[in-house]
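Undergrad: Got a sequence here, can you model it:
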Amino acid sequence: MLSIVDEETQSQMFYEDSIDEVPFVEEVEGRAIANVQSSTGQSRFVFAQYVPALKLRSSVARANEHDTDCSFMVGNTYPYSVDDWLADIKLASSSLLDGFVLNVGAEDWQRDRVADCFRAAARLPESTRFSFIFSFDMASIPGDSASDVQYLRAYYQAHARDPRMFKHPRTGGATISTFSGENCTFGQGSMENGWAYVKRELSAITPAYFIPAFFINPARYPGISAMDGAFNWNGGWPVNINASSARQDIVNARLDSDNDHLQNLSEGRTFMAAVSPWFFTHYGPDSWNKNWIYRGDDWLFVRRWQQLISMRDRIDIVQVISWNDYGESHYIGPIKGAQPNSQAWVDGYPHEPWLALNAYFTAAFKKGAYPPVKRDQIFMWARPHPKAANAPEHVPRPNNWQLTDDKIWAVVFTTAPSKVELYTSNDRKMVFDVPAGMTKLSRDSEPDGGMRGTIVRDGKIVADCSPIGYRYESRPGVYNFNAAVAMSQ
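TA: A predicted model of the protein is given here:
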């Protein structure tokens, strides 16, 4: 089992709270490019998806603020207590997330867990800024008849007026979203009429602000009157490449689908962008029949965050996918609750170091400049086995397994020029000279090797990332394209 640092160490920031101009350095295979980004004085919001994150454009009253939220799968919380919720909320808040986007389904017990969530939030000091958005999971909730609005109304009636619900800064409406829903009519003859009906029903309780994730051509947005904005769920992954794509299209694959959404949102409508560190799901035909990867290589999490920060004046909210979606392997919160039969590829692979890394970019997104580095720090991740390895299991390799590379990915933060050593064994290392700031590095993984990274300055190791128990297995027992993630203490 992979070991990571404890939460107390993890919460100690490796960067300054104040924001200033700092060099932002990228290095790939030893070549460095410096890029200085200046402060604009603006701030932003970031949400996590208990399963998303948001920025409010110039027409919004709180236009100088950007939210970052995190997607949160309520469907994975069956055994949660109020204390479990409170621990997650405190951890998320201390990591600069502004709230959870609660992905909710049709089951009665999920409404009970959501009630516990709001009870936990009531224990927070009033000064703690943390709020919730409902994301109605329309892959779970029916939407064919008019009576199906009851599933949405049950959550909204109970909590929309709660002070911890995210109220849109311009309208004061309780903010709601969806996963899917483009095929729902609610008995009104069309999707457009169906969601207009839903919004009227919910707004009769208290005004609603609707930012759905519909999987449709964004050119349809102007004709959907219920929409106050849009969430580009797939924007954080390179979903348009496959095993037959050209190599130049695969490496550093484009993440440009936001443009289609933005150009179809009129002034005043909100845009929510997505960022996610990874994607791997591995269910066979006898289960959910989901078995594929998106390419998470090329420091996807960091690269996407850099893109969002560079275009922050066009983004209202950023949603991080996700806090606890274990089935798709992009969780950045602790492994707890009830997994959706994903133990085979999740257990032993904690991702909390990504939560600490996320906080650095959240700070930059909110303020418009990268925080100065105050402590040497290494983040590393790699898959558990070579992509072409054979495993004796009935579910085959995931679709598009060819897209990934057999590499170790590292992101280092240095307070001064240093040497970085990346190891697969004690006698197998690569050495990089890096300047002060942030540097992205990679090296090939080696079958049956490990991973370790050190920052060396003046002949002394000043940071050491040595994940205990990690081995790049040449003969795996199962196909696992999840990531092992670690950070230095």
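Undergrad: Quick check: the closest residue to E393 other than its chain neighbours vs G284, distance?
TA: With sequence-adjacent residues excluded and distances taken as Cβ to Cβ, 6 or more residues apart in numbering, E393 is closest to V478, at 5.0 Å. In this view, the C-beta of every residue, glycine as well, is placed from N, C-alpha and C. Here V478 is placed at a distance of 12 Å from G284 (Cβ to Cβ, to the nearest Å).
Undergrad: same question, G75
TA: On the measure of Cβ to Cβ, G75 and G284 end up 20 Å apart.
Undergrad: These two: which has the busier surroundings?
TA: Counted by other Cβ atoms under 10 Å, G75 and G284 do not tie: G75 has more neighbours, with 23 against 13.
Undergrad: Report the contact partners of the more buried one.
TA: Contacts for G75 (Cβ atoms under 8 Å, 6 or more residues apart in numbering) come out as 103-105, 107, 110, 137, 140, 340.
Undergrad: biggest separation within those, which pair?
TA: For the contacts of G75, with distances taken as Cβ to Cβ, the pair at the greatest spread is V104 and P340 (15.0 Å).
Undergrad: Phi first, then psi, for D162.
TA: Note on D162: backbone dihedrals following degrees, to the nearest 10 are phi -60, psi 140.
Undergrad: Now it. Nearest residue, chain neighbours left out?
TA: Closest to D162 by Cβ to Cβ, 6+ apart is F118, at 5.7 Å.
Undergrad: what's the neighbour count on that neighbour?
TA: F118 has 18 nearby residues by other Cβ under 10 Å.
Undergrad: Would you mind identifying the next helix or strand past the strand or helix carrying it?
TA: Counting by DSSP states H and E, the element that carries F118 is helix 108-121. Using DSSP H and E, the helix or strand that follows helix 108-121 in sequence is strand 131-137.
Undergrad: V104 and P340: which has the busier surroundings?
TA: For V104 versus P340, the count of surrounding residues by other Cβ under 10 Å is larger for V104: 27 against 18.
Undergrad: Excluding sequence neighbours, find me the nearest residue to that one.
TA: Closest to V104 by Cβ to Cβ, 6+ apart is V74, at 5.0 Å.
Undergrad: Assign Q157 to helix, strand or coil.
TA: Assigned with DSSP: H, G, I helix; E, B strand; the rest coil, Q157 falls in the helix class.
Undergrad: SS state for the closest residue to it other than its chain neighbours?
TA: Once flanking residues are discounted, Q157 sits nearest to I205: 5.6 Å by Cβ to Cβ, 6+ apart. Secondary structure assignment for I205 (three-state DSSP): coil.
Undergrad: Now do I205: how many residues are near it, please.
TA: 14.
Undergrad: tell me the phi and psi of it?
TA: phi -80, psi -50.
Undergrad: One more: the one 4 residues further on?
TA: Y209 adopts backbone torsions of phi -120, psi 120, taken as degrees, to the nearest 10.
Undergrad: just how off-centre is stretch 289-304 within its chain?
TA: 11 Å (Cα atoms, centre = their mean, to the nearest Å).
Undergrad: And stretch 126-146, end to end?
TA: 38 Å (Cα to Cα, to the nearest Å).
Undergrad: And stretch 115-126, by the same measure?
TA: End to end - Cα to Cα - stretch 115-126 spans 19 Å.
Undergrad: how distant is that stretch from the center of its chain?
TA: In terms of Cα atoms, centre = their mean, the centre of stretch 115-126 is found 23 Å from the chain centre.
Undergrad: Now for this protein, the helix or strand with the poorest mean pLDDT.
TA: When the helices and strands of the chain are scored by mean pLDDT, DSSP states H and E, strand 31-37 comes last with a mean of 32.
Undergrad: Count residues in the vicinity of A226, would you?
TA: Neighbours of A226 using other Cβ under 10 Å come to 18.
Undergrad: Repeat that for Y78.
TA: By other Cβ under 10 Å, neighbour count at Y78 equals 13.
Undergrad: what's the helix or strand for it?
TA: Here Y78 is assigned to no helix or strand, by DSSP H and E.
Undergrad: so how far is G337 from it?
TA: Counting by Cβ to Cβ, the gap from Y78 to G337 is 7 Å.
Undergrad: Same question for A363.
TA: 28 Å.
Undergrad: Next: V302.
TA: From V302 to G337 the distance is 27 Å (Cβ to Cβ).
Undergrad: for stretch 193-204, which positions count as buried?
TA: Under the neighbour-count criterion of 16 or more other Cβ atoms under 10 Å, stretch 193-204 has 193-199, 201-203 buried.
Undergrad: Which of those fall within helices?
TA: Judged by DSSP state H, the buried residues of stretch 193-204 include 193-199, 201-203 as members of helices.
Undergrad: Much appreciated, bye for now.
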